[in-house]
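K.L.:
sequence first, then the predicted structure:
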Amino acid sequence: MQVSDLRIVFRTRGTTIHAVNGISFELQPGELLGVVGESGSGKSVTMMSLMKLLPSPPAEILSGRVRLGCRDLLSLDPSEMRKVRGGEVGFIFQDPMTSLNPVLTVGYQLKEPLRKHFGLSRGEARKRAIELFSLVGIPSPHDRMNDYPHRFSGGMRQRVMIAIALACEPNVLIADEPTTALDVTIQAQILELVKKLRQEIGMSIIWITHDLGVVAGIADRVMVMYGGLIVECAPVDDLYANPRHPYTRALMETLPRPDQAGQERLKSVVGQPPHLTAFPTSCPFAPRCPHVFDRCLVEKPPLMPVQEGHEAACWWDVTEQRPRDDV
Amino acid sequence: MMSEPSILTRDAQPGRDDVLLRVSDLAVHYPTYQGVFGRQAGAIRALDGVNLEVRRGQTLGLVGESGCGKSTTGRAILRLCDITGGRIVFDGEDITHLEGNKLRRIRPRMQMIFQDPQECLNPRMTVGSIVAEPLNEHGALKVKEKERRIRELLDSVGLNPRLANRYPHEFSGGQRQRIGIARALALNPDFIVCDEPIAALDVSIQAQVVNLLKDFQEQFSLTYLFISHDLSMVRHLCDDVAVMYLGKVMELGPRALIYKDPMHPYTKALLSAVPVPDPGVERARNRIVLAGDVPSPANPPSGCRFRTRCPVAFDRCASDQPAWRKVSGDRWVACHRAE
């Protein structure tokens, strides 16, 4: 999957919110790409737009291409798009409480994509659905097929969501904060499940989260977003060992460190996230950045390679502690 | 009702202690009704034997999964819900059954900061009147003094006092949480229950609020009960930690010991489930993944409540309730395996 120069705005009464301001990235086959950012950084909007799930109006995609295989998803008509959704691309939403239909049994909701996309008969779909339920670790799958979502706990509902997303063996799975609403012990169960499924099925996954700990455990590559832009993108080890963008560094520093518990004050990022009422012409992090200098306020830094496979959008070179002069 | 020895038995001289709040065998049951005549059918045992103590000027972290009774504990301590059994001793005074004016007299000394800063501020009141409300209710300040106090409070939490005439929706999440903190501080309390005060905030804002809480603790020698499910933040902020599971406290002890050498299998599992922001550590670690979900508090398992998910449970766990035992110094645990 390849996304290039995606721009999304929300038009509401009187104001325009520039939620996503020209982002480009690639997803390799079999890769797990972690997307990290605060609320309002545009991470969910980006991923929803890949599937054309944003209501329009108010959302409007100004520019950009999303290539999956050899097609541009953004130019597909609604009926073709429906084949892609749930078929080639699976989606897991944040809140398992509200993303299942409460008046349909989970079995029906799981069989629906199987029958629509694969044209299976009722019996075949049921058989496959039971297989999927046991794959995601739902106990006694036979009996639970006919239960309604309210009979499931949060963790179990998220498993149902994963089963539905995996039903048609998608090439790409987009998971939007799939464990945020769950407790840590249940989160650990889901993370183990996803690791296991990756080994068995081997699809590409985009994992959106704001928890740097979760990403460290499962991702191959991490993309950090801020103010509707990608500010840094690197392989997971490299990013944690050697963060190059001041925002990424600030995020890591705000986390409480186990080795210095208690006495130290936490480092905090001063100020508030940007309001995004205009298309950024300067670095969106500049007002909160400790290294800000005159160039940051007049020119928006593009994503520039700093190292093999590691890109950052910053005019400041943190290793040299001076402005970059090579660009 | 509970067979365990009370936490009070360990020292029977209340006067001298450095413990501000002591909770023993606290129980809160919500009755459930059935049928047309509303017969009582059973009870949701939200709290069933909570033992805690919070030392003066220190912070006790209360951790556990959602639904285990953390928030109910906080509310019960502040006498905001009906108590079924047990004892709450605040500053040497038994407040479990206080009523009317006596209860009202201690209210200003105990305050609360809520989880969702959006929900806990009245959208029709200005920030100034929100912060003034406790002063109107309990204080005896003149109008001028009150205005000065409000300005002072807003200033101390890092908000511009000139914004006192604005409404909550004009503020961001972090700023709203500051308003909630200013309101809690208005009456110079001794003790504040912080019910997940940072859970709804972004990572970069969390640190600001936590630092603010720490500063006030030093400045006004406050005592906190910090309810959270974020174990790394609890480790940062708290002096002691209590781990709850299904309405019971499983383990209580100083932070360093709980994190370094957890004794209860639930504490071990909880700590091992916390993701660490370091890819190397994450790959190397061996997680204890608990099977299943938390059982219903309407019908808790017999014996030890954790036994249905416990990796080291044995037959005695199903028959006997593990006693709340002092292991060493300040450490308390309820587990047969720890004996």
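P.N.:
Now that the structure is in, tell me what you want to look at.
K.L.:
from here on, contacts and neighbour counts on C-alpha atoms
P.N.:
Fine.
K.L.:
how about the helices in the chain?
P.N.:
Here I'm looking at chain A. Taking DSSP state H, the helices of chain A run over residues A:43-50, A:78-84, A:106-118, A:122-135, A:141-144, A:154-166, A:184-201, A:212-218, A:236-241, A:246-254, A:294-298.
K.L.:
wait, chain B was what I had in mind.
P.N.:
Taking DSSP H as the criterion, chain B contains helices spanning B:70-77, B:100-106, B:127-138, B:143-156, B:173-185, B:203-220, B:231-237, B:255-260, B:265-273, B:279-284, B:315-319.
K.L.:
tell me the most buried of these?
P.N.:
Comparing the helices of chain B by mean neighbour count (mean count of other Cα atoms under 10 Å in any protein chain shown), helix B:173-185 comes out on top with a mean of 24.
K.L.:
might you report the residue contacts of the spatially most distant residue from the centre of chain B?
P.N.:
What lies farthest from the middle of chain B is residue B:36; by Cα atoms, centre = their mean that is 37.2 Å. Contacts for residue B:36 (Cα atoms under 8 Å, 6 or more residues apart in numbering or on different chains) come out as none.
K.L.:
per-residue pLDDT, the residue of chain B at minimum distance from chain A?
P.N.:
Proximity of chain B to chain A (Cα to the nearest Cα) peaks at residue B:277, 3.8 Å away. Looking at residue B:277, its pLDDT reads 84.
K.L.:
for residue B:2, same thing?
P.N.:
Looking at residue B:2, its pLDDT stands at 42.
K.L.:
what about the closest residue to residue A:303 other than its chain neighbours, neighbour count?
P.N.:
Leaving out its chain neighbours, the residue that sits closest to residue A:303 by Cα to Cα, 6 or more residues apart in numbering or on different chains is residue A:313, at 4.2 Å. Residue A:313 has 21 neighbours, counted by other Cα atoms under 10 Å in any protein chain shown.
K.L.:
hang on, residue A:313 packs against residue A:233?
P.N.:
No - between residue A:313 and residue A:233 there is no contact under Cα atoms under 8 Å: 9.1 Å.
K.L.:
quick revisit: give me the phi and psi for the residue farthest from the centre of chain B.
P.N.:
Main-chain torsions, residue B:36, degrees, to the nearest 10: phi -70, psi -30.
K.L.:
low-confidence stretches in chain A?
P.N.:
A:257-264, A:327 (pLDDT under 70).
K.L.:
contact residues of chain B facing chain A?
P.N.:
Contact residues (Cα under 8 Å from any Cα of the partner chain) of chain B with chain A: B:65-66, B:202-205, B:207-208, B:210-211, B:229, B:232-233, B:235-239, B:269-270, B:273-280, B:282-283, B:289-291, B:293.
K.L.:
switch to 7 Å and redo it
P.N.:
B:65-66, B:202, B:204, B:207-208, B:211, B:232-233, B:235-238, B:270, B:273-279, B:282-283, B:289-290 (Cα under 7 Å from any Cα of the partner chain).
K.L.:
what comes up buried for stretch B:316-336?
P.N.:
By 16 or more other Cα atoms under 10 Å in any protein chain shown, the buried positions in stretch B:316-336 come out as B:317-318, B:321-326, B:331-336.
K.L.:
need the per-residue pLDDT for the residue farthest from the centre of chain B.
P.N.:
With respect to pLDDT, residue B:36 scores 82.
K.L.:
lowest-confidence stretch among the helices of chain B?
P.N.:
The bottom spot among these, by mean pLDDT, belongs to helix B:279-284, with a mean of 83.
K.L.:
so what's residue A:303 up against?
P.N.:
By Cα atoms under 7 Å, 6 or more residues apart in numbering or on different chains, the contact list for residue A:303 reads A:231, A:311, A:312, A:313.
K.L.:
who wins on neighbours among these?
P.N.:
Busiest of the contacts of residue A:303 [other Cα under 10 Å] is residue A:231, holding 28 neighbours.
K.L.:
the residue lying closest to that one once chain neighbours are set aside and residue A:305, how far apart?
P.N.:
Nearest non-adjacent residue to residue A:231, counting by Cα to Cα, 6+ apart: residue A:313, 4.9 Å away. Going from residue A:313 to residue A:305 by Cα to Cα, to the nearest Å gives 9 Å.
K.L.:
equivalent analysis for residue A:119, please.
P.N.:
Distance of residue A:119 to residue A:305, computed by Cα to Cα: 46 Å.
K.L.:
before we move on, what about residue A:219?
P.N.:
20 Å.
K.L.:
likewise for residue A:85?
P.N.:
Taking Cα to Cα as the measure, residue A:85 falls 33 Å from residue A:305.
K.L.:
ok, the two, which is more surrounded?
P.N.:
residue A:85 (20 against 14).
K.L.:
show me what the more buried one bridges to in the sheet.
P.N.:
Beta-bridge partners recorded for residue A:85 (DSSP bridges): residue A:89.
K.L.:
try residue B:252
P.N.:
Bridge pairing for residue B:252 - DSSP bridges - gives residue B:242, residue B:332.
K.L.:
list the contacts for it?
P.N.:
B:241, B:242, B:243, B:331, B:332, B:333.
K.L.:
model confidence score at residue B:15, please.
P.N.:
Residue B:15 carries a pLDDT value of 46.
K.L.:
chain B contacts on chain A?
P.N.:
Counting by Cα under 7 Å from any Cα, chain A sits next to chain B at A:38-39, A:183-185, A:188-189, A:212-214, A:216-217, A:236-237, A:240, A:251, A:254, A:256, A:261-262, A:265-269.
K.L.:
so residue A:171 makes contact with residue A:204?
P.N.:
Yes - Residue A:171 lies in contact with residue A:204 (Cα atoms under 7 Å); the separation is 6.2 Å.
K.L.:
for the residue nearest the centre of chain B, what are its contacts?
P.N.:
Nearest to the mean C-alpha position of chain B, by Cα atoms, centre = their mean, lies residue B:227 at 3.7 Å. Contacts of residue B:227 were listed using Cα under 7 Å, 6+ apart, and they are B:61, B:62, B:63, B:70, B:194, B:195, B:196.
K.L.:
among the residues you listed, which two are most distant?
P.N.:
The distance between the two most remote of the contacts of residue B:227 (Cα to Cα) is 12.1 Å, for B:63 and B:194.
K.L.:
let me have the contacts of residue B:252 in TSV, extended by pLDDT.
P.N.:
Formatted as TSV, those follow (pLDDT from 0 to 100):
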residue	pLDDT
B:241	95
B:242	95
B:243	95
B:331	91
B:332	92
B:333	93
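K.L.:
so which of these is the closest to residue A:103?
P.N.:
Residue A:103 lies nearest to residue B:243 out of the contacts of residue B:252, by Cα to Cα, at 37.4 Å.
K.L.:
which ones are touching that closest one?
P.N.:
By Cα under 7 Å, 6+ apart, the neighbours of residue B:243 are B:62, B:63, B:64, B:249, B:250, B:251, B:252, B:267.
K.L.:
can we see that at 10 Å?
P.N.:
Going by Cα atoms under 10 Å, 6 or more residues apart in numbering or on different chains, residue B:243 touches B:61-65, B:68, B:70, B:249-253, B:258, B:264, B:266-267, B:270, B:333.
K.L.:
would you mind measuring from it to residue B:317?
P.N.:
With distances taken as Cα to Cα, residue B:243 is found 19 Å from residue B:317.
K.L.:
ok, residue A:198 next?
P.N.:
Distance of residue A:198 to residue B:317, computed by Cα to Cα: 37 Å.
K.L.:
now residue B:115
P.N.:
Look at residue B:115 and residue B:317: by Cα to Cα, they are 35 Å apart.
K.L.:
for chain B, what's the nearest residue on chain A?
P.N.:
residue A:213 (3.8 Å).
K.L.:
tell me how many other residues crowd residue 56.
P.N.:
Answering for chain A, as no chain was given. If we define neighbours as other Cα under 10 Å, then residue A:56 has 11 of them.
K.L.:
sorry, should have said chain B
P.N.:
Residue B:56 has 18 neighbours, counted by other Cα under 10 Å.
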